[in-house]
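Undergrad: Based on what follows, work out the 3D shape:
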Amino acid sequence: MNTSTQSSTITNNLNDEIRKISSYILPIAMIFTFIGNIINICVLSRHDLRLSPCSHYFIALAFANLIYMSISPMSIYIYYQFCIIFANSPYTCRIINTIIYSSSLFVILMLVCASLDRFFASSSL
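TA: Numbers count the residues shown, from 1 in each chain. This next block holds a predicted model:
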């Protein structure tokens, strides 16, 4: 058997296994993420916790995480299950990529802002 044929067979088998695993893991991860972020928003929106500026960062982080998790893994899951590609046209490809990358960047930014807020609140500068 040719080496390129063996590697393509291994690659096809690996892709099939990834699709099978993703069809089970992605919905579970999305459900737990949605539940966790909604609980975070509900808890951090209480009056006592709303007074802290750090809770505002975590509420914004939860919303950005909801946006990211509703687009990125959902598009992968729909592609693996139904072979539907949302990014067929150049405009939808740009919009989806912009939303995915900006929301993931926003999540990181909110974590940095919350860390800096806690650092400056606890330091004696």
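Undergrad: Quick check: Ser55 vs Ser104, distance?
TA: Using CB to CB, to the nearest Å, Ser55 is found at 21 Å from Ser104. Backbone N, C-alpha and C define where each C-beta goes, glycine included.
Undergrad: ah, wrong one, I meant Ser123
TA: Separation of Ser123 from Ser104 (CB to CB) stands at 29 Å.
Undergrad: for Arg94, same thing?
TA: In this view, Arg94 and Ser104 are 16 Å apart by CB to CB.
Undergrad: Settle it for me: which of those two has more neighbours?
TA: Legend: neighbour count by other CB atoms under 10 Å for Arg94 and Ser104, higher for Ser104 (15 against 11).
Undergrad: and the more buried one, what element?
TA: In this structure, Ser104 is located in helix 90-122 according to DSSP states H and E.
Undergrad: What are the buried residues along that helix?
TA: 103, 106-107, 110, 113-114 (16 or more other CB atoms under 10 Å).
Undergrad: Please apply the same query to stretch 64-75.
TA: Neighbour-count burial for stretch 64-75 flags 64-69, 71-73, 75 (criterion: 16+ other CB under 10 Å).
Undergrad: Closest to Ile21 out of those residues?
TA: Minimum distance to Ile21 across the buried residues of stretch 64-75 is 13.0 Å, recorded for Pro73 (CB to CB).
Undergrad: Could you give the number of residues near the nearest residue to the closest one once chain neighbours are set aside?
TA: Using CB to CB, 6 or more residues apart in numbering and skipping residues adjacent in sequence, the residue nearest Pro73 is Leu26, 4.9 Å away. By the measure other CB under 10 Å, the count of residues near Leu26 is 19.
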